[in-house]
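In: here are the coordinates; sequence isn't available:
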């Protein structure tokens, strides 16, 4: 794509990072269009360029195509995985559960629920999405594995189901707003404590 | 709406139920349009009538308007809540968890994830949706309450969070296909057993 030119952009000096203002405007335009109901299929570089107020060449100079741009846009929504202290399994789990579906960007609620079924229709999209989510899953898996080694958690634990038990209630709350009236602040602790202790009377 | 006429329909004899063929076609057309990506807002009686091959009057004779029709269509997707045997809390929970997001109609996966944020934008839609979901929640609440009374489950149980722990992993699996590769058949038992026993080593 290096032979594409755009008169709208100032020439870059060597070693200087690309205009982050334009990058942000392009990612922002992508998320706006998705939040307004555009499907992945109908999303076009033309529409993104028009919305961001840049030329198509500016987009192609930074991203190989729509899928690469989409992946960066979703990564922006997700943000980095939180870092656990590693001292208490309960505290680490509360931190990680609290980060599930926690996004500063309010567009995420409009984008994500509809996007997931779309993402699943294409294995390339699915893989790209997994690459975003996997670091967060790995952090959770590590905390559980460490606690099993220490003898704090049951050795025969169903790790995969445990991860769903910890994350799915937060996801449905934050993404789908399943219970709009619910107080979200105490929810991570309530989830972690109920999962740790189980339901049975002892 | 009784003064509206439609030449397309045969006159009904008194006491005879309305043409269920036409009703089914109308509900079916509504679900088709939603599954194809129509939003609640953009869904029109005109489009539903055209898709179902009936006159608008046929729809208005049966439903007060779009919202009433939408509610019936969603109720059709959900189906009735399963009946529990009441003998074992584990068996009852496995039955109810197994019914979460379990729909014979494959359109549900396309319709529900996108619909929930839309439903939440209007309190009338939200109330209508709650009316569909509430019998299923009540059945789960009853099984948990009975088991607490019998002393099988902890008396200090966080019922609301427990209901999310039991249902949200199935919902994300079946509605969002969070883990498309996962074997769903054993999932209700794995969820119920992990929630009942908890994570802590004892």
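Out: Happy to help now that I have it. What you see is a predicted model, and the numbers here were worked out from it, not measured in a lab.

In: count of residues packed around the closest residue to chain B within chain A?
Out: Residue nearest to chain B within chain A: residue A:198 (2.3 Å; Cβ to the nearest Cβ). In short, each C-beta sits where N, CA and C put it, glycine included. Residues within reach of residue A:198, counting by other Cβ atoms under 10 Å in any protein chain shown, total 21.

In: Quick one: list the elements packing against the worst-scoring helix or strand of chain A on mean pLDDT.
Out: Within chain A, judged by mean pLDDT, DSSP states H and E, the helix or strand with the poorest mean is helix A:108-121; its value is a mean of 71. With contacts taken as 3 or more Cβ pairs under 8 Å, 6 or more residues apart in numbering or on different chains; DSSP states H and E, helix A:108-121 sits against helix A:20-35, helix A:66-78, helix A:123-149, helix B:108-121.

In: I'd like to know how many residues surround residue A:61.
Out: Neighbour count for residue A:61, taken as other Cβ under 10 Å: 18.

In: And it, what's its pLDDT?
Out: Listed pLDDT for residue A:61 reads 93.

In: Skipping adjacent residues, who's closest to the residue nearest in space to the middle of chain A in space?
Out: The residue lying closest to the centre of chain A (Cα atoms, centre = their mean) is residue A:78, at 3.0 Å. In space, and not counting its chain neighbours, residue A:78 is closest to residue A:132: 5.4 Å by Cβ to Cβ, 6 or more residues apart in numbering or on different chains.

In: Who are the contact partners of that neighbour?
Out: A:71, A:74, A:75, A:78 (Cβ atoms under 8 Å, 6 or more residues apart in numbering or on different chains).

In: Recalculate using a threshold of 10 Å.
Out: A:71, A:72, A:74, A:75, A:76, A:77, A:78 (Cβ atoms under 10 Å, 6 or more residues apart in numbering or on different chains).

In: Just the buried residues of those.
Out: A:71, A:72, A:74, A:76, A:77, A:78 (16 or more other Cβ atoms under 10 Å in any protein chain shown).

In: Model confidence at the first one, what's the number?
Out: In the predicted model, residue A:71 carries a pLDDT score of 84.

In: Next, the angle helix B:159-174 makes with the helix or strand residue A:163 falls within.
Out: Element membership of residue A:163 [criterion: DSSP states H and E] is helix A:159-174. Orientation check (axes from the mean of the first three to the mean of the last three Cα atoms, to 10 degrees): helix A:159-174 against helix B:159-174 gives 100 degrees.

In: Break chain A into its domains for me.
Out: Listed by automatic domain parsing, the domain ranges of chain A are A:20-75, A:81-199.

In: Let me know whether the shortest one sits next to chain B.
Out: Same thing as domain A:20-75. Yes: applying Cβ under 10 Å from any Cβ of the partner chain, one finds domain A:20-75 touching chain B at A:37, A:39, A:41, A:42.

In: start to end distance for that domain?
Out: 16 Å (Cα to Cα, to the nearest Å).

In: any idea how far it is from the chain center?
Out: Between the centre of domain A:20-75 and the centre of its chain there are 17 Å (Cα atoms, centre = their mean, to the nearest Å).

In: quick one: the residue lying closest to residue A:164 once chain neighbours are set aside from residue B:182, how far?
Out: In this structure, residue A:164 finds its nearest non-sequential neighbour in residue B:169, 3.8 Å apart by Cβ to Cβ, 6+ apart. Counting by Cβ to Cβ, to the nearest Å, the separation of residue B:169 from residue B:182 is 10 Å.

In: Residue A:74 too?
Out: Taking Cβ to Cβ as the measure, residue A:74 falls 22 Å from residue B:182.

In: got it, and residue A:172?
Out: As judged by Cβ to Cβ, residue A:172 and residue B:182 stand 17 Å apart.

In: winner for burial among the helices and strands packed on helix A:108-121?
Out: Ranked by mean neighbour count, the helices and strands packed on helix A:108-121 are led by helix B:108-121 with a mean of 20 (mean count of other Cβ atoms under 10 Å in any protein chain shown).

In: Just want the angle from that helix to helix A:108-121.
Out: Orientation check (the same axes, to 10 degrees): helix B:108-121 against helix A:108-121 gives 180 degrees.
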